[in-house]
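1. my questions are about this predicted structure, shown below with the sequence.
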Amino acid sequence: MAWAKKILRVNLTKGTCASEPLNMEWAQQYLGQRGLATKYLVAETDPKVDPLSPENKLIMTTGPLTGTMASTGGRYSVVTKGPLTGAIACSNSGGYFGAELKMAGWDMIIFEGKSPKPVYLWIENDKAELRDAAHLWGTTTWHTEEAIKAAHQDPQIRVASIGRAGENGVLYACVVNDLHRAAGRSGVGAVMGSKNLKAVALRGTVGVSGVRDFKAFLKAATAAKKVLADNAVTGQGLPKFGTQVLMNVINEIGALPTRNANDVQFEGARNISAEAMHEKRPSDGKANLITNSACFGCTIACGRVSQVDKNHWSVVNSPKYWGATGGLEYENAWSLGAANGVDDLDALTVANMICNEDGMDPITFGATVSAVMELYQMGVLKKEQIGIESPFGSAQALLEMVHMTAEGRGFGKELALGSARLTKKYGHPELSMSVKGQEFPAYDPRGIQGMGLTYATSNRGACHLRSYTVASEVFGIPVKTDPLTTEGKPDLVKAFQDATAAFDSSGTCIFTTFAWTLGDLAPQLDAACEGGWTLERLAEVGERIWNMERQYNLAAGLTAKDDDLPRRLKTEPAKTGPAKGLVSGIDKMLPEYYKARGWTAEGVPTNDTTKRLGL
Amino acid sequence: MQKSLHIDPNKCTGCLQCEMACSYENYGSFNIAKSRIKVFNFEAAGRKVPYTCTQCAEAWCMHACPVDAIRIDAATGAKEVHENVCVGCKVCTIACPFGTVNYVADTGKVQKCDLCGGQPACADACPTGAITYVESDWTGLGKMRQWAEKTDTQPRA
């Protein structure tokens, strides 16, 4: 049984750590990771709780395949109620932290209450204790990891921590692990900070031995690895170009939200693309990209390792940014770059570094900067308020704002609110490109219609990952659909949402789904775990998880009114490209989606649906 | 012919499948803490390097062992720890200049790469070819060829 079958419950108020058995009945119904942790959150907290109060709980959770030889078997998630959205927050990360947690013998850690003083959790196999973190509070995630490894004299420790953003309550603060990976969205880092929990440090040497049938598992895992290797995206495109392979592609199909979604194509896209990362800079003759990298167990290796020109104006006086670092992904190259009209590749790389260093979601941060730049150009926000002239296209403004927000000074305290609250505060809520308070990422719903429905109905606020229909609408995976039409999109979105929920609960990475279907995941889970796991059962588990999250959100106070898109996407047609003249057809898709889901016209799961799913 | 593990760090992505494969082969579980091959991540340089025993022809560990617990496998040339003989004195771990033989507190014995009897699990598991199992002689041929190609670039008469 690839579950460790043990949870660590940490009461931060009392300072205690206790082990308890994993609820195996729930594991059979919700699988693990996303599904299982959400079930615990739903069962143990009041949906109306204030996300930054001690009554909220924060769960770090692995899946059954985490820490095994399944390809990409290294994922973990952070589940809580999100301060940015007031909805379920479920943020997935790679790196090595999740695998180490599993190899220490734990499926999950549940944090309750609030510590009276800053602490970090230290786990060494079955030994767990809270330690004083006063000397770490006020420092970055990078410093925190280094300091903990030095204090314990063990370079093999894995660390997940918050930076100053999480400490200061930046509503989109994230939890960074292994320096360059993160549980990024919805402000899970702010929840950690509100509990005075600075970091979790792990050392796991017991390993994962509970696989049901090792021989069958290795056979299934090896076959699945071949599927990844043979696929053009996972076997070649992603390792060579990373997710940045999307920049030129999405721009060409006219779905790259540019300058706060005023445009759908960016004239500077080529300069901040995967191809540009490979090209030698005229300034120092070196390329931005050094090599690719993988997370634990991953045979795809989409990670970017980059290095900026040390004479670039943004780092010329800061040697700590001169070394190799986690490079740009598509989402942050978009959010820091195209969304703000900035096309300085090294500047974007540095801004991204700072988001890692102090733990902030670059998607929300970049989209908040976009809103600020539009407010500046309108004359609503002035240079004196922001601290720097901030028109679209200014890399200097971008860098100044990232520093201000990371450090919690000046206008950074306004940026810390995220675009929904900031634009509302300054009288222009329509300028926040968000749903349920969370900013949507790098796919414009006018150019890829299914993504509009994806953003509007995602249970954690606008998010591309909950149902990445781009795979179908742009890449023909598993079948090609037309990005410019709304026909068939409700069923497509539902299918992706359910399958994704299952993948997110398994311990493997969603990027496998460029090549794998549930039919490739099921044999691996079936061999690893008792209970009989089939494709059909995984789809049902996914649907159950989706409806459970929906019920939680409704109980938290969200309604069908929150399943909507920013006005700009519904009233301002795309100005250029293949989608020229189109707006989002969200109002056509929503009613059909509710029906496909087995929900009422108000978006509430019917009794038939909840009974069928055992909710 | 004798074969050796060949490691090309430029191809290593840090996935650690090799470490899991090694621990599974020798301990029956996925436990990188028990792996005999370790991947080192040089963050500032952006390089990952797998490292393990190079199977010295004249091995310090063999010579240091007071009970002759480390012996050569005639088929693979690997220097293998015979656990039933090893007394856990750890002198071999001091003698090895490369640090690739290490004590295992759980078992009270030392462990090192033994090439898995001729089918090294790490090489099988490596998805990028960073670790391969090649003929021991002439491992430099690839590099020689690269430099050979650069000579005499002048056109012939």
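-> Great, that's in hand.

2. residues in contact with the residue most central in space within chain B?
-> The centroid of chain B falls nearest to residue B:52 when counting by C-alpha atoms, centre = their mean (3.5 Å). If you count contacts by C-beta atoms under 8 Å, 6 or more residues apart in numbering or on different chains, residue B:52 has them with B:5, B:36, B:37, B:38, B:100, B:112, B:113, B:122. C-betas here are computed from N, CA, C, even on glycine.

3. go through those residues and say which is closest to chain A.
-> residue B:38 (9.1 Å; C-beta to the nearest C-beta).

4. for the closest one, which non-adjacent residue is spatially closest?
-> Excluding the flanking residues, the one nearest residue B:38 by C-beta to C-beta, 6 or more residues apart in numbering or on different chains is residue B:51, at 6.0 Å.

5. can you give me the neighbour number for that neighbour?
-> 15 (other C-beta atoms under 10 Å in any protein chain shown).

6. contact partners for it?
-> Contact analysis of residue B:51 by C-beta under 8 Å, 6+ apart lists B:7, B:37, B:38, B:39, B:40, B:98, B:100.

7. burial of residue A:46, as a residue count?
-> 11.

8. doesn't it lie inside a strand?
-> No. Residue A:46: not assigned to a strand; according to DSSP: H, G, I helix; E, B strand; the rest coil it is coil.

9. verify the stated contact: it with residue A:55.
-> Yes. Counting by C-beta atoms under 8 Å, residue A:46 touches residue A:55, with 6.9 Å between them.

10. mind showing which ranges of the chain have poor pLDDT?
-> Just going to use chain A. Applying pLDDT under 70 to chain A flags residues A:1.

11. nearest to chain B: which residue in it?
-> For chain A, C-beta to the nearest C-beta, closest residue to chain B: residue A:207, 2.5 Å.

12. for chain B, which element, helix or strand, carries the lowest mean pLDDT?
-> Counting by mean pLDDT, DSSP states H and E, chain B has its least confident helix or strand at helix B:141-150, which shows a mean of 91.

13. now do the buried residues in that helix.
-> Of the residues in helix B:141-150, none count as buried by neighbour count, 16 or more other C-beta atoms under 10 Å in any protein chain shown.

14. for stretch B:99-114, same thing?
-> B:100, B:101, B:104, B:109, B:110, B:111, B:112, B:113, B:114.

15. same question for stretch A:548-557.
-> So, applying 16+ other C-beta under 10 Å, buried residues of stretch A:548-557: A:548, A:549, A:550, A:551, A:552, A:553, A:554, A:556.

16. stretch A:14-23 too?
-> A:17, A:22, A:23.

17. what's the span of that stretch, first residue to last?
-> 24 Å (C-alpha to C-alpha, to the nearest Å).

18. next one: stretch A:271-289
-> Termini of stretch A:271-289 sit 13 Å apart (C-alpha to C-alpha).

19. can you name the residues in contact with that stretch?
-> Under C-beta under 8 Å, 6+ apart, the answer for stretch A:271-289 is A:240-242, A:244-245, A:247-248, A:270, A:304-312, A:327-328, A:333, A:337-338, A:343-346, A:348-349.

20. how far does it sit from its chain's centre?
-> 26 Å (C-alpha atoms, centre = their mean, to the nearest Å).

21. over to stretch B:137-148?
-> Distance, centroid of stretch B:137-148 to centroid of chain: 21 Å (C-alpha atoms, centre = their mean).

22. quick one: the strands in chain B, in order.
-> With strands called from DSSP state E, chain B shows them at B:3-7, B:38-42, B:47-51, B:70-72, B:79-81, B:102-104, B:109-111, B:131-135.

23. how about the residues of the stretch 251-400 of chain A by chain B?
-> A:290-299, A:301, A:303, A:305-307, A:323-324 (C-beta under 8 Å from any C-beta of the partner chain).

24. one more pass at 7 Å, please.
-> A:290-294, A:296-299, A:301, A:305, A:307, A:323-324 (C-beta under 7 Å from any C-beta of the partner chain).

25. secondary structure and distance to residue A:316 added to these, as a markdown table?
-> Formatted as a markdown table, these follow (DSSP: H, G, I helix; E, B strand; the rest coil; distance: C-beta to C-beta, whole Å):
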| residue | secondary structure | distance to residue A:316 |
| --- | --- | --- |
| A:290 | strand | 20 |
| A:291 | strand | 24 |
| A:292 | strand | 27 |
| A:293 | strand | 26 |
| A:294 | coil | 32 |
| A:296 | coil | 35 |
| A:297 | coil | 39 |
| A:298 | coil | 35 |
| A:299 | coil | 39 |
| A:301 | coil | 32 |
| A:305 | strand | 22 |
| A:307 | coil | 14 |
| A:323 | coil | 15 |
| A:324 | coil | 18 |
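
26. only whichever of those are buried, select them in ChimeraX.
-> Selecting only the buried entries of these in ChimeraX, with 16+ other C-beta under 10 Å as the criterion:
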select /A:290,291,292,293,294,296,297,298,299,301,305,307,324
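
27. reformat the residues of the stretch 251-400 of chain A next to chain B as CSV; add distance to residue A:105.
-> As requested, those are exported to CSV (distance: C-beta to C-beta, whole Å):
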residue, distance to residue A:105
A:290, 36
A:291, 33
A:292, 31
A:293, 27
A:294, 24
A:296, 16
A:297, 18
A:298, 22
A:299, 25
A:301, 28
A:305, 31
A:307, 38
A:323, 34
A:324, 33
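
28. show me the contacts for the nearest residue to residue A:296 once chain neighbours are set aside.
-> Among residues not flanking residue A:296 along the chain, residue A:74 sits closest, at 2.9 Å (C-beta to C-beta, 6+ apart). Residues in contact with residue A:74, defined by C-beta atoms under 7 Å, 6 or more residues apart in numbering or on different chains, are A:66, A:94, A:96, A:98, A:99, A:295, A:296, A:297, A:298.

29. now residue A:505
-> By C-beta under 7 Å, 6+ apart, the neighbours of residue A:505 are A:30, A:31, A:32, A:33, A:34, A:35, A:36, A:63, A:541, A:545.

30. quick one, helices of the stretch 351-500 of chain A?
-> A:362-378, A:383-386, A:395-407, A:412-415, A:419-425, A:449-457, A:470-473, A:489-503 (DSSP state H, counting those that start in this stretch).

31. can you check chain B too?
-> In chain B, the helices defined using DSSP state H lie at B:17-27, B:60-64, B:91-95, B:121-125, B:141-150.
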